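>>> Make a model of this:
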Amino acid sequence: MTIHVSPDAHPALVLNADYRPLSYYPLSLWSWQDAIKAVFLDRVNIVSEYDFLVRSPRFEMRLPSVVSLRHYIKPSRNPAFTRFNVFLRDRFQCQYCGSPDDLTFDHLVPRSRGGQTTWGNVITACSPCNLRKGNKSCRDAGLFPMQMPYEPSVHDLHNNGRLFPPNYLHESWFDYLYWDVELEP
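Predicted coordinates:
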């Protein structure tokens, strides 16, 4: 079957050499073009394929749905301090009221009072709670976080990322996404 494929169609799940995804959130995906390029450059092994072909005048190939890197990439031990990673650590919800809407981040010790922009002082907050707290302490504002801020490990972020699966998961990916999750007895 020959199809015309858009760059967003038929992405390939990218696994490390140990067959774990490079990341869970966002899920490590490559466009079909990048996956084919990596195959030709001998950087990946094809683990699973779609039932769709791409053709050139002298070549045809099924599109890879899962690829694994030939060489292991050691995951970073300490995730970067980014707004996205703060939201992921806090599971995309305000740490004061639990709302998932209109998120920003809040300094527990306000910057105007010497608070730093660090893992240990920043939490996810919705705009209304953030405005309500302003530059006051949690006690003065009467707002207390559900979870105190902490520096997460990559493992913490991966576990939280699993709670937010992408809108589309191809059936060939399931065996590789959650195989390292602790099983129920």
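
>>> Against residue 26, how distant is residue 177?
13 Å (Cβ to Cβ, to the nearest Å). Every C-beta, even on glycine, is put in place using the N, C-alpha and C of the backbone.

>>> Of these two, which one has the most company?
Between residue 177 and residue 26, counting by other Cβ atoms under 10 Å, residue 177 is the more crowded of the two (17 against 11).

>>> tally of neighbours for residue 17?
13.

>>> so it touches residue 72, yeah?
Yes - contact criterion Cβ atoms under 8 Å: residue 17 and residue 72 qualify, at 3.9 Å.

>>> which residues are in contact with both of those two?
Common neighbours of residue 17 and residue 72, counting by Cβ atoms under 8 Å, 6 or more residues apart in numbering, are absent.

>>> Report pLDDT for the residue nearest the centre of the chain.
Nearest to the mean C-alpha position of the chain, by Cα atoms, centre = their mean, lies residue 25 at 1.4 Å. Note for residue 25: predicted pLDDT of 72.

>>> Please report how far the closest residue to it other than its chain neighbours lies from residue 155.
Using Cβ to Cβ, 6 or more residues apart in numbering and skipping residues adjacent in sequence, the residue nearest residue 25 is residue 161, 2.6 Å away. For residue 161, the distance to residue 155 equals 10 Å [Cβ to Cβ].

>>> More neighbours: the two, which one.
Counted by other Cβ under 10 Å, residue 161 and residue 155 do not tie: residue 161 has more neighbours, with 17 against 12.

>>> What spatial separation is found between that one and residue 79?
11 Å.

>>> If you count neighbours, what's buried in the lowest-mean-pLDDT helix or strand in the chain?
For the chain, the helix or strand with the lowest mean confidence is helix 174-177, at a mean of 77 (criterion: mean pLDDT, DSSP states H and E). Neighbour counts using 16 or more other Cβ atoms under 10 Å place 176-177 of helix 174-177 among the buried residues.

>>> centre of the chain versus that helix, how much separation?
Between the centre of helix 174-177 and the centre of its chain there are 15 Å (Cα atoms, centre = their mean, to the nearest Å).

>>> So which other helices or strands are in contact with that helix?
Contacts defined by 3 or more Cβ pairs under 8 Å, 6 or more residues apart in numbering; DSSP states H and E place helix 174-177 against strand 12-15.
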